[in-house]
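S.K.: Pasted the sequence and its predicted model underneath.
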Amino acid sequence: MSDHLTHLESFGGKLQEEDPFWRRVRSGRDLAAEREELDGVELKRTKRRVHRRLLNDYETSELTGLSRAKLQDLVEQVTTSEVEAEDLAVSTQARARLVAQVLDELIGFGPLQPFLDDPNVTEIMVNGHDQIYIERAGKIFYTDRAFDDNAHVMQVVERIVAGIGRRVDEASPMVDARLPDGSRVNVIIPPISIKGPMVTVRKFPQQAYDSDALVRIGTMSEEMRLYLQACVQARLNILITGGTGSGKTTTLNALSNFIPDDQRIVTIEDSAELQLQQRHVVTLEGRPPNLENKGEVTIRMLVRNSLRMRPDRIIVGEVRGDETLDMLQAMNTGHDGSMSTLHSNSPRDATVRLETLVLMAGLDLPSRAIREQIASAINIVVHQARLQDGRRRITHISEIQGMEGNVVVIQDLFKWEQSGIDPDGNVLGAHHPTGLRPRFLDRILDRGIQLPATLFVRKL
């Protein structure tokens, strides 16, 4: 009898192992959560059916030609028809969510659209079809949104790159593009990307930050703002440096607002991102090669061509290659007040990187000659960083004073000094002047620009 009971218990244990209900109980899964998961799968299938039916019944031009209100009415009608045909019990909220997702597929960018519409999201990162991360307030978060499969990702990618006449395929698996709102997009696909299509979207605010806004959010101090304004108006050449995502382009946009409206500005970028507010702005954008590997227009070509366009100032979105030599020569030959950005870890590192980039031009120039070009061309280095709490801060405003022997001399005028971290993980600190008088102060004063006498005095 005892053996028989033992056998029954053992058999019951095997049943529990095999039965899905007992597996859910043992794993602590909520039956309601599982029901919601199943509903979610069914809603995805319904969304695909609605989307496919609309594309089969209507031409794409017909759908895109409708106003959003009329298109929404059409989607709601087809959705209701599909839900009733499948006899699904769909709540009002789920139905509204389904309609919104179909609209995003038709006239938006699919699962990315809600994040593109959210002004608090600054970056969107797609790692294959099943992972979407976002950056909000400088922190990265995992989301519950996903694409149906890799083909679904590629449909959205094709829609993005087609808007600016670019392409992405196995022959050209990497592409930089931009969205209609100016957001920057980078795409890399298999076979280069092992996991599937990777999409990174860097969003920019619809209303560009000005210098006052940067002071309010603590990126710079009021003293720094006044000095940088004077530098721009006195036509000093400015290089903005920092790491990826540190806010270099935002700061460049803010500083460009100090350029007088009566000057001709030529901007040069790989993918147009700058949002200058002046009237007389010429925007140039590089172009990749076509299918025959012809027709490429590099940044270096554009920098050279801009010299023939009678610019008062040249703004290069970012220097990262052999165009650096041409930019330095332009700054040294009468195009004062030019600006650019550069990836670097510090102001001192920026001069080393510039030297390396100049060597990429293929000219056999001695190091001293290159450093003399750098020391003569660049006047001010503004270095920016993203702190561990996600906030962006200008950590150094430095000036290049010239050469001492074979070394480029850099002097810090303003610095960010960290004092600690509060219990919430926020970085504490403040901007301070170093107490040194700028070498270019006389040049600023000669232009009739007045600065407070106490601007550079370090406060105890």
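M.R.: Looks like it came in fine. Numbers count the residues shown, from 1 in each chain.

S.K.: List the contacts of the closest residue to Ser193 other than its chain neighbours.
M.R.: Take Ser193 and drop its neighbours on the chain: the residue closest to it by CB to CB, 6 or more residues apart in numbering is Pro173, 7.5 Å away. The C-beta positions use only the backbone N, C-alpha and C, and glycine is treated the same way. When contacts are counted by CB atoms under 8 Å, 6 or more residues apart in numbering, Pro173 touches 188-193.

S.K.: Now list the buried members of those.
M.R.: Buried members of those, counted by 16 or more other CB atoms under 10 Å: 189, 193.

S.K.: farthest-separated two in the contacts of Pro173?
M.R.: Pairwise distances across these peak at 10.4 Å for Ile188 and Pro191 (criterion: CB to CB).

S.K.: and which of the contacts of Pro173 is nearest Ser346?
M.R.: Ile188 (29.1 Å).

S.K.: Is it correct that that closest one is in contact with Met198?
M.R.: Yes. Counting by CB atoms under 8 Å, Met198 is a contact partner of Ile188 at 4.9 Å.

S.K.: sorry, back to before: between the contacts of Pro173, which is nearest Leu451?
M.R.: Set against Leu451, the nearest of the contacts of Pro173 by CB to CB is Ile188 (46.9 Å).

S.K.: Across the sheet, point out what pairs with the closest one.
M.R.: Met174, Met198 (DSSP bridges).

S.K.: For it, which residues are in contact?
M.R.: Counting by CB under 8 Å, 6+ apart, Ile188 makes contact with 173-174, 197-198.

S.K.: what's the most distant pair in those?
M.R.: Met174 and Pro197 (11.2 Å).

S.K.: Mutual contacts of the two, please.
M.R.: 187-189.

S.K.: Now distance to Glu86 and pLDDT too, for these, in a markdown table please.
M.R.: Formatted as a markdown table, those follow (distance: CB to CB, whole Å; pLDDT from 0 to 100):
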| residue | distance to Glu86 | pLDDT |
| --- | --- | --- |
| Val187 | 35 | 94 |
| Ile188 | 38 | 95 |
| Ile189 | 34 | 93 |
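
S.K.: Just send those residues back as a markdown table, with distance to Ser221 too.
M.R.: Shown next, in a markdown table, are the shared contacts of Met174 and Pro197 (distance: CB to CB, whole Å):
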| residue | distance to Ser221 |
| --- | --- |
| Val187 | 39 |
| Ile188 | 39 |
| Ile189 | 44 |
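
S.K.: nearest residue to Ala272 other than its sequence neighbours?
M.R.: That would be Glu285: by CB to CB, 6+ apart, it lies 4.9 Å from Ala272.

S.K.: isn't the one you found right next to Val266, touching?
M.R.: No. Judged on CB under 8 Å, Glu285 makes no contact with Val266 at a distance of 11.7 Å.

S.K.: Same drill for those two, tell me which one is more crowded.
M.R.: Val266 (25 against 17; other CB atoms under 10 Å).

S.K.: Please verify my assumption that the more buried one contacts Pro311.
M.R.: Yes. Between Val266 and Pro311 there is a contact at 4.2 Å, judged by CB under 8 Å.

S.K.: joint contacts of these two?
M.R.: With CB under 8 Å, 6+ apart as the test, Val266 and Pro311 both reach Val282.

S.K.: Which of the three states applies to the nearest residue to Pro433 once chain neighbours are set aside?
M.R.: Spatial nearest neighbour of Pro433, chain neighbours left out: Phe456 (4.8 Å); criterion: CB to CB, 6+ apart. Here Phe456 is coil, with the state taken from DSSP: H, G, I helix; E, B strand; the rest coil.

S.K.: how about Phe456, what does it touch?
M.R.: Contacts of Phe456 (CB under 8 Å, 6+ apart): 413, 433-438.

S.K.: Switch those over to TSV, and while doing so, append pLDDT, secondary structure and distance to Asn253 to every line.
M.R.: Compiled in TSV, those are given as follows (pLDDT from 0 to 100; DSSP: H, G, I helix; E, B strand; the rest coil; distance: CB to CB, whole Å):
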residue	pLDDT	secondary structure	distance to Asn253
Leu413	96	strand	22
Pro433	95	strand	25
Thr434	94	coil	26
Gly435	92	coil	30
Leu436	93	coil	28
Arg437	92	coil	29
Pro438	93	coil	24
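
S.K.: Pick out the most distant pair among these.
M.R.: Gly435 and Pro438 (11.3 Å).

S.K.: So if I had to pick from these two, which one is more boxed in?
M.R.: Set Gly435 next to Pro438 and count neighbours by other CB under 10 Å: Pro438 wins out with 23 against 10.

S.K.: Which residues are in contact with that one?
M.R.: Pro438 neighbours (CB under 8 Å, 6+ apart): 227, 399, 413, 444, 456.

S.K.: repeat that with 7 Å
M.R.: Counting by CB atoms under 7 Å, 6 or more residues apart in numbering, Pro438 touches 399, 413, 456.

S.K.: swap in Val126?
M.R.: Here Val126 is in contact with 132, 153, 198-199 (criterion: CB under 7 Å, 6+ apart).

S.K.: what about it, is that helix, strand or coil?
M.R.: Under three-state DSSP, Val126 comes out as strand.

S.K.: How about it: which residues does it bridge to?
M.R.: Note on Val126: beta-bridge partners by DSSP bridges are Ile132, Val199.
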